[in-house]
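Trainee: I would like to see how this sequence folds:
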Amino acid sequence: MNGTVCFRAALALALFGALFVPAGHALERPGMEFRVFQFPRDRMPVIDGDTSDWEIVGDDYTFGTELLDGTRAGHGAAIDTTDIDVTVRVGWIRGLNRLYFLYEAYDDYWDFAWYGEERGYRNDIFEIVVDGDMSGGPLIHNPQIGDRIANHFRFSGVHAQNYHIFTPPIHNQWCMVWGSNPWIGRFPWSHYAYDYSFSPGERGRLVLEFWITPFDYAPHDGPGRAVVSELTEKKLIGLSWAILDFDHGKKDGPNNINLAHNTKMVNDASALCAFRLMPLEPEFIPAIEARWSFEVIDPSRRLVYFKDESVGEIDSWTWHFGDGEVSREQNPLHRYEQASIRYNVLLEVSGQAGTSAHSKHWEVSVP
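Mentor: This is a model prediction of the structure:
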């Protein structure tokens with residue numbers, strides 16, 4: 001193996017890594033892996049409370065009450081679906097670091113009211129916790145940080161996030177972020193819409209449609225130093241949810257039913273479940289489509305690595321680098337002789353399904 005081939009192999013491994021992330025922490029239900037539906041970019045859901053956008057999401061991505069475990073009837077007992085019955089669907093879109101949710105719930109008594117300064121809110125809750133990089137461990141209280149104030153500002157909700165979502169909201173407050181970073185619950189880091197027609201104490205159906213942005217690092221002082229979790233195809237993330245059903249004190253405390261079968265999921269990311277970001281379903285994959293990315297790996301030599309990411313059965317690749325040079329390799333390494341900030345690069349691919357081309361104008365630049 002010559003030096004160029006060795007270099008390219010090492011480069012590909014370093015730049016693009018393995019497709020699968022080891023399930024190190026977020027496996028509260030060992031052996032069970034949930035799936036996150038990938039929406040095609042031209043079918044992304046509109047956040048308006050209308051569920052029709054989600055009709056393309058199949059049963060494999062729909063998680064109902066039967067998957068939850070409750071505290072009111074005891075662990076392992078069947079949940080009374082005449083009392084509370086829910087379904088949750090989760091989606092993502094390639095290129096957007098957002099998780100989309102559709103929460104549909106029937107409750108025989110919707111509890112949402114403001115009881116004044118002393119008692120505050122009593123509100124049915126849909127609570128989700130997400131750990132985008134599966135770092136695991138406590139996310140609200142760190143026993144190694146003794147001071148309560150220091151713990152809050154340095155640690156609470158920083159590496160994994162808890163959203164206490166009101167169902168339905170009171171006084172236009174859709175969620176409480178259980179952490180030091182309430183800004184993550186506001187646009188442009190999240191967005192939401194409800195649809196319901198019941199009054200407090202009535203039965204009925206609620207639809208909540210929303211998206212959130214998971215963070216590897218979400219500090220208390222805002223997004224300036226934040227690190228958004230990178231969502232990529234086939235990646236594993238930690239995720240779980242719980243439903244707190246109050247029923248106006250009719251029963252002893254709220255019913256806490258949750259996907260992880262462990263109430264510690266609300267404050268410990270090691271008690272979450274494993275969710276995999278799935279590829280597009282076959283019916284949404286084009287027969288052939290040119291796609292590619294690039295990385296300037298050595299600015300001093302103006303050396304650029306081009307990676308083919310095309311879809312379909314590809315037989316041939318033709319790269320036009322914008323400097324008069326052409327390559328027919330799948331993943332070429334190209335050195336530009338002249339510095340420029342305006343190279344137009346084109347990839348043409350062909351196969352049994354036909355041909356496709358994709359260009360990037362002025363995106364490839366070398367010093």
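Trainee: mind listing what the residue nearest to the spatial centre of the chain touches?
Mentor: Central residue of the chain (C-alpha atoms, centre = their mean): residue 99, 3.4 Å from the mean position. Neighbour list for residue 99: 36, 90-92, 130, 211-214, 231, 239 [criterion: C-beta atoms under 8 Å, 6 or more residues apart in numbering]. Glycine gets a C-beta too; all of them are placed from N, C-alpha and C.
Trainee: most surrounded residue in those?
Mentor: Comparing the contacts of residue 99 by number of neighbours (other C-beta atoms under 10 Å), residue 239 comes first, having 27 neighbours.
Trainee: what bridges to the nearest residue to that residue once chain neighbours are set aside?
Mentor: Excluding the flanking residues, the one nearest residue 239 by C-beta to C-beta, 6 or more residues apart in numbering is residue 275, at 4.5 Å. Judged by DSSP bridges, the bridge partners of residue 275 are residue 34, residue 237.
Trainee: Pretty sure residue 275 sits against residue 36.
Mentor: Yes - Residue 275 is within contact range of residue 36, at 5.3 Å (criterion: C-beta atoms under 8 Å).
Trainee: who touches both of the two?
Mentor: With C-beta under 8 Å, 6+ apart as the test, residue 275 and residue 36 both reach 90, 237.
Trainee: Let's have the contacts of residue 99 in a markdown table, adding secondary structure and distance to residue 254.
Mentor: Shown next, in a markdown table, are the contacts of residue 99 (DSSP: H, G, I helix; E, B strand; the rest coil; distance: C-beta to C-beta, whole Å):
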| residue | secondary structure | distance to residue 254 |
| --- | --- | --- |
| 36 | strand | 28 |
| 90 | strand | 24 |
| 91 | strand | 28 |
| 92 | strand | 30 |
| 130 | strand | 22 |
| 211 | strand | 26 |
| 212 | strand | 23 |
| 213 | coil | 28 |
| 214 | coil | 26 |
| 231 | coil | 32 |
| 239 | strand | 22 |
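Trainee: Which of the residues you listed sits closest to residue 297?
Mentor: residue 231 (24.0 Å; C-beta to C-beta).
Trainee: was I right about the closest one contacting residue 90?
Mentor: No - assessed by C-beta under 8 Å, residue 231 is found out of contact with residue 90, at 11.6 Å.
Trainee: For the stretch 251-367 of the chain, which segments count as strands?
Mentor: Secondary structure of the stretch 251-367 of the chain (DSSP state E, counting those that start in this stretch): strands located at 255-258, 273-277, 288-289, 292-298, 303-308, 311-312, 316-320, 326-327, 333-335, 340-351, 354-366.
Trainee: Rebuild those as JSON lines, extending it with mean pLDDT.
Mentor: Below are the strands of the stretch 251-367 of the chain laid out as JSON lines (pLDDT from 0 to 100):
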{"stretch": "strand 255-258", "mean pLDDT": "90"}
{"stretch": "strand 273-277", "mean pLDDT": "97"}
{"stretch": "strand 288-289", "mean pLDDT": "96"}
{"stretch": "strand 292-298", "mean pLDDT": "97"}
{"stretch": "strand 303-308", "mean pLDDT": "98"}
{"stretch": "strand 311-312", "mean pLDDT": "92"}
{"stretch": "strand 316-320", "mean pLDDT": "98"}
{"stretch": "strand 326-327", "mean pLDDT": "98"}
{"stretch": "strand 333-335", "mean pLDDT": "98"}
{"stretch": "strand 340-351", "mean pLDDT": "96"}
{"stretch": "strand 354-366", "mean pLDDT": "96"}
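Trainee: So for residue 146, which of these sits nearest?
Mentor: Nearest of the strands of the stretch 251-367 of the chain to residue 146, taken as C-beta to C-beta: strand 255-258 at 29.0 Å.
Trainee: Straight-line length of stretch 227-241, end to end?
Mentor: 23 Å (C-alpha to C-alpha, to the nearest Å).
Trainee: buried sites along it?
Mentor: For stretch 227-241, the neighbour count (16 or more other C-beta atoms under 10 Å) marks 228-229, 231, 235-241 as buried.
Trainee: Format those as TSV; extra columns: distance to residue 32.
Mentor: What follows is the buried residues of stretch 227-241, written out as TSV (distance: C-beta to C-beta, whole Å):
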residue	distance to residue 32
228	27
229	22
231	21
235	17
236	12
237	14
238	13
239	12
240	12
241	15
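Trainee: would you turn those residues into TSV with pLDDT and distance to residue 342?
Mentor: Listed next are the buried residues of stretch 227-241 as TSV, based on pLDDT from 0 to 100; distance: C-beta to C-beta, whole Å:
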residue	pLDDT	distance to residue 342
228	98	29
229	98	33
231	98	31
235	98	34
236	97	39
237	97	38
238	97	42
239	98	42
240	98	48
241	98	48
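Trainee: Just give me the closest of the residues you listed to residue 333.
Mentor: residue 235 (26.3 Å).
Trainee: Would you list the phi and psi of that closest one?
Mentor: With angles defined as degrees, to the nearest 10, residue 235 sits at phi -70, psi 150.
Trainee: now it, nearest residue through space, not along the chain?
Mentor: Once flanking residues are discounted, residue 235 sits nearest to residue 277: 4.9 Å by C-beta to C-beta, 6+ apart.
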